[in-house]
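>>> Compute the structure for the input listed below.
(2 chains)
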Amino acid sequence: MTEPRYSIGIDLGTTHTVVSYVDLGESDRDEVARSDFGIEQLVSVGAVEARPVLPSFIYLPHPDELGSGDRGLPWGDEQGLVVGELARSLGAKTPIRLVSSAKSWLCHPGVDRRSPILPMDAPEEIERISPLLASTCYLKHVRDAWNHRLPDSPLDEQAVTLTVPASFDPAGRELTAEAAMAAGLSNLTLLEEPQAALYSWIEATGGQWRQQVRVGDVILVVDLGGGTTDLSLIAVTEQAGALELTRIAVGDHILLGGDNMDLALAHVVRSKLAAEGKQLDLWQLQGLTHGCRSAKETLLSDASVEAVPVVVPSRGARLIGGTLRTELTRDEVVRALIDGFFPIVEASAKPASRARGALTKLGLPYAQDAAVTRHLAGFLSRQVGATADLPGFELTVSSTGGSFLHPTAMLLNGGVFKAKTIAERTLQVLNGWLQDENAAPARILEGADLDLAVARGAAYYGYVRKGRGVRIRGGTAKAYYVGIESAMPAVPGMEPPIQIMCIAPFGMEEGTDAALPPQEVGLVVGETVRFRFFGSSVRREDEVGWSSEDWSPEEFEELEEIEAELPPEGRRPGEVVPVRLHAAVTEVGTLRLEAIPTDGAQAWNVEFDVRGEA
Amino acid sequence: MSEPKLSFFSRLLLAFVAFGRTLFNREFATGVKLLSAEAGADVEAPPAPASETDRPRLIEPDTASALQLLGLLQQEGRFVDFLQEDVSSYSDQDIGGAARVVHEGCRRTLREHLDVVPVRTEAEGSRLTLKEGFDAAEVRLIGNVVGKPPFTGTLVHRGWRVEEVHLPKLLEGHEVRVLAPAEVEL
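Have a look, this model is predicted:
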């Protein structure tokens, strides 16, 4: 394969997909030739335009709905569905045919992500698509748009960096990589989104970042996207006199984002209109959500504005009589958003969570607690020991009596923070906690674009990987364990205890292998054997083979099961074969598990079960 | 002409074919008409005096992009709905509410697709001087228009100019005359 000319960053977001690229030949050290890639798409019926973002929506049109002059793309239209801006606007009027938030479904452990389930509320006759296929469609669209514009540098020959939430579990990463492969992106690397945001900040400083951070800094990245909140901690360390960056912790997967906030505001306005005796239908509510978004940005960025009118246009051609008019006041926005999503809480606060019982319906597992600040408090307290082993961080927070990890700088990312008041409140809450523990206030790192930083940072990362800039180290953000039922006599009314065994330590870098655990487990030939699978974001010391029966669910999060099936080649079905479980992190950045029989024959793949709970 | 000379019989045959196609094929007929006009210009027209070739020619405006822009203004800002409505029976408050929808949407459309900049950056009401050779398309002289440049006067309207137009490309066969499709909810 020829040496790639471009490094391309793709931010495959819950609500938006953004692409940026670096011309590798034209870049040198801190002089980076990076551009944003306008993605051609149908923007209305029959009209094609390149836009900086591709809304991550798919519309499955009825055969009679759109004529031949209404849809189609310069590179053809094989997919038979509409992707992007037009999909979003058609879907606003016909939601039963709209696929949205595919990314959140991709890491939803309750459903089979390879089976056609989207749109969830579609009637029988609509042919649904799988979350995996939806992600593939967005990437195929990006690929075709790229190849159409730059036919001499096809996308599959370029170095592509695709971003995933830092909190994605191994199965979510695996499926993202699978979608990329299906779209033909063979030269692929995955990158965590908060890291990408930090890379974008580094690039934007043009080499000046070294003057803006120092050894001992802990940077908190808060990435509030359309659908998810993603938290990461990155420490500044030193190696042979040069500054280094190490990602030391990532937060839980929190389905809470900017869209929830706009919807919350729309409901405030709706109940206000309802009090005046005006009822809104679904379509009008959607119009209202758009109106509220811009009203929010105006009110929260300009302190002199006290109220912004919000109008909901009528559906019919009669615009004047049928338009509903109301206004959104500063007070209402502050109450709904700032106090609702960013309340002032104690550093010891923990997000409220309901146990996910059998009553959980099929639907996205949205965060139970809408307070971003409580999620943040929970994350920092949990990671209080994250810097314990880092050189240069000997005086750690936990050893000096602090109750949570003290960040010294904060990088905010995501369109939500365009509202200045929200950014200020986030900093105010964090600095309040720091002040309570007599720590210096954190500063804000500025300069990265809130909407485009992730894609830009991803493109820059592809350049950095060529050895031409600082790289954030860190490896996997969790240690991984399998659960094995202990062999003990059955006791009525008591579940057999589960012993967990470490198979992949914390911080495995891309392209490395874990050691083989000394313990063996038995696989039955010809049968699918399933193991419970766990991850821990706080246990940094456990080595492969470490095992315990006495573990607390506080430290270990149960992930989806893993399963292995031994084909009966040369063996008798039913025979029990002792194997050892081996873990590796691929060059792409996914976790690969395999079972290696003790007698040394070939290894078998161990798969993540992404079919959901049966 | 570099084409070979045609024999009498081939010309006769061609005349018959051309007769039929001119009669029954509209496009062909249009071509023949153009051809004869061209030949006529070549052969018959005497060298025209300069004043006549400078006679202004009218160009048909491109209706497709006009309709496309109108469609965009309707789509984003309900522009056509607003203009088609009889506003006389409504109160100013009702009209104001609707005007916000129109203003916000049309403004967004305008900014997205056209780079509109003022022709003159001076504040309206200020005095300015136009040197000889000023662009008469950009600046219109009004009022007491006498004398010779440089002209000094008051800026009444700063003017607008479009620097760049970026309209979405249209798919072949797309019906631009439909500014907004009728919507039928099932």
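
>>> Any figure for the gap between A:L411 and A:Y461?
From A:L411 across to A:Y461, the span is 15 Å (Cβ to Cβ, to the nearest Å). All C-beta atoms are positioned from the backbone trio N, CA, C, and that covers glycine.

>>> Tell me how chain B divides into domains.
Domain segmentation of chain B under automatic domain parsing yields B:9-46, B:63-165.

>>> Any idea which of these gets closest to chain A?
domain B:63-165 (3.9 Å; Cβ to the nearest Cβ).

>>> Distance from that closest one to the middle of the chain?
From the chain centre to the centre of domain B:63-165 is a distance of 16 Å (Cα atoms, centre = their mean, to the nearest Å).

>>> Repeat that for stretch A:591-610.
27 Å.

>>> what's that stretch in contact with?
A:112-114, A:170-171, A:173-175, A:476, A:480, A:503-504, A:516, A:520, A:523, A:530-531, A:533, A:560-567, A:577-586 (Cβ atoms under 8 Å, 6 or more residues apart in numbering or on different chains).

>>> What's the local residue count around A:A439?
17 (other Cβ atoms under 10 Å in any protein chain shown).

>>> how would you label it: helix, strand or coil?
Of the three states, A:A439 takes coil under DSSP: H, G, I helix; E, B strand; the rest coil.

>>> A:V577 too?
strand.

>>> ok but A:F168 is inside a helix, no?
No: counting by three-state DSSP, A:F168 is not part of a helix but coil.

>>> between A:L411 and A:Y461, who's got more neighbours?
Counted by other Cβ under 10 Å, A:L411 and A:Y461 do not tie: A:Y461 has more neighbours, with 27 against 23.

>>> In contact with the more buried one: list those residues for me.
A:Y461 neighbours (Cβ under 8 Å, 6+ apart): A:7, A:9, A:161, A:189, A:191, A:195-196, A:199, A:471.

>>> roughly how far apart are it and A:I8?
11 Å.

>>> and if you look at A:W604?
34 Å.

>>> same check, this time on A:L427
A:L427 sits 33 Å away from A:I8, going by Cβ to Cβ.

>>> does the closest residue to A:V308 other than its chain neighbours belong to a helix or a strand, and which?
The shortest distance from A:V308 to any non-neighbouring residue, by Cβ to Cβ, 6 or more residues apart in numbering or on different chains, is to A:A295 (4.1 Å). Using DSSP states H and E, A:A295 sits within helix A:282-301.

>>> Using CSV, list the CA coordinates for that helix.
Listed next in CSV are the C-alpha coordinates belonging to helix A:282-301 (Å, rounded to 0.1, in the frame of the first residue of the first chain):
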residue,chain,number,x,y,z
LEU,A,282,-45.7,16.7,18.3
TRP,A,283,-44.6,18.7,15.3
GLN,A,284,-44.9,22.0,17.0
LEU,A,285,-43.0,20.7,20.0
GLN,A,286,-40.1,20.0,17.6
GLY,A,287,-40.3,23.5,16.2
LEU,A,288,-40.3,24.7,19.7
THR,A,289,-37.1,22.7,20.6
HIS,A,290,-35.3,24.5,17.7
GLY,A,291,-36.5,27.8,18.9
CYS,A,292,-35.4,27.1,22.4
ARG,A,293,-31.9,26.2,21.4
SER,A,294,-31.2,29.6,19.9
ALA,A,295,-33.0,31.3,22.7
LYS,A,296,-30.9,29.5,25.2
GLU,A,297,-27.6,30.5,23.5
THR,A,298,-28.7,34.1,23.4
LEU,A,299,-29.8,34.2,27.0
LEU,A,300,-26.8,32.4,28.4
SER,A,301,-24.2,34.3,26.4
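
>>> Are there helices or strands packed against that helix, and which ones?
Judged by 3 or more Cβ pairs under 8 Å, 6 or more residues apart in numbering or on different chains; DSSP states H and E, helix A:282-301 is in contact with helix A:85-93, helix A:258-275, strand A:307-312, strand A:324-329, helix A:330-333, helix A:420-436.

>>> now do 10 Å
The contact analysis (3 or more Cβ pairs under 10 Å, 6 or more residues apart in numbering or on different chains; DSSP states H and E) places helix A:282-301 against helix A:85-93, helix A:258-275, strand A:307-312, strand A:324-329, helix A:330-333, helix A:420-436, helix B:92-113.

>>> A:W604 and A:I8: who's more crowded?
Taking other Cβ under 10 Å, A:W604 and A:I8 do not tie; A:I8 has more neighbours (26 against 18).
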